[in-house]
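Undergrad: Below: sequence and its predicted model.
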Amino acid sequence: MKNQMIDLLLDRRSVREFTTQLVDDEALKLIIECGMYAPNSRNKQNWHFSVITNPVIIEEINRLTVAGMDRLGIKHDVDYHIFYHAPAVIILSSVIEGFSELNCGCAVENMAIAAKSLGLDSCIVGQTRFMYHQADPVDINRLVKIPEGYEHDIAICFGYRKGDNPEPKPRKEGIVDYIK
Ligand SMILES: Cc1cc2nc3c(=O)[nH]c(=O)nc-3n(C[C@H](O)[C@H](O)[C@H](O)COP(=O)(O)O)c2cc1C
C-alpha cells in the first residue's frame, strides 16, 4: 500500500539547519501553486502569500520577532534565528473569518510536502506572530506586503537541509479510536 506520497508525508520533518544554497524561482512557484491548491473553506481563497527571498527583509522579520519575544519575556538562545537562516520564507495571511486559520494550515502543509518532493526541507514558523508585539502592525504589513484587511497567520521557511533528516519524534499513543 505504501507509495511515494505516503513516504513524503512520513519523512517530512521540521528542519532547523540549512545550507546557504538558494531556492530557485521555479521550485518556489511550484510550492506556492501547491499551497494555492489546498482545500479551503467555501473555496473563498481569501489568503495571501508573501514570498520573501530578500535576505535583508528576512533578517528584519527575524529582528522584529526576536525583539517581540524579548518584550514578552520569551526565552531564546542569544543567536536564535526564527527561520534558522533558511533562504526563503513564505508568510501566509488571510481575511480573519470562518476557518481562515485552518485554511492556512492546509496551505502550509501542502507547501511543506511539495518542498519535500522537490528535495527541499522546511519548517513551519508560528513565532512570526510575535513581531507584532514590537512594531506597528501597519509598518510590518507594509514590509511583508500583507494586503489591507488581511492578518498574519503563519510562516514557513524553506531551504536545503544541512545534515541528515531529523529522527521522527515519537507519536502519542491512545489517540485513535475506530468506530466501526
Ligand atoms: C502551527 C505551527 C507552528 C509552529 N511554529 C514553530 C516555530 O515557531 N518554530 C519552530 O521551530 N517550529 C515550529 N513548528 C514546528 C513544530 O515544532 C513541529 O512540527 C513539531 O515539533 C513536530 O516535529 P516535526 O514537524 O519534525 O514532525 C510549528 C508547527 C506548527 C504546525
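TA: Cool, the structure landed. Numbering: from 1, shown residues only.
Undergrad: Near the ligand, which residues of the protein are found?
TA: Applying C-beta under 6 Å from any ligand atom, we find that the chain lies next to the ligand at 13-14, 16, 123-127, 154, 166, 169. From N, CA and C alone the C-beta is placed, and that goes for glycine too.
Undergrad: Point out the least confident one among the residues you listed.
TA: The member of the residues of the chain next to the ligand with the lowest pLDDT is residue 169, and it reads 95.
Undergrad: mind checking the SS state of that one?
TA: Three-state assignment for residue 169 (DSSP: H, G, I helix; E, B strand; the rest coil): coil.
Undergrad: State the distance from it to residue 67.
TA: 30 Å (C-beta to C-beta, to the nearest Å).
Undergrad: Okay, now the sheet partners of the longest strand along the chain, with direction.
TA: Ranked by residue count, the top strand of the chain under DSSP state E comes out as strand 151-159. Partner strands and pairing direction for strand 151-159 (DSSP bridges) are strand 88-94 (antiparallel), strand 121-125 (antiparallel).
Undergrad: what's the residue nearest the centre of the chain in contact with, if anything?
TA: By C-alpha atoms, centre = their mean, the chain has its centre lying nearest to residue 156, at 1.5 Å. Counting by C-beta atoms under 8 Å, 6 or more residues apart in numbering, residue 156 makes contact with 89-90, 92, 108, 111-112, 122-125.
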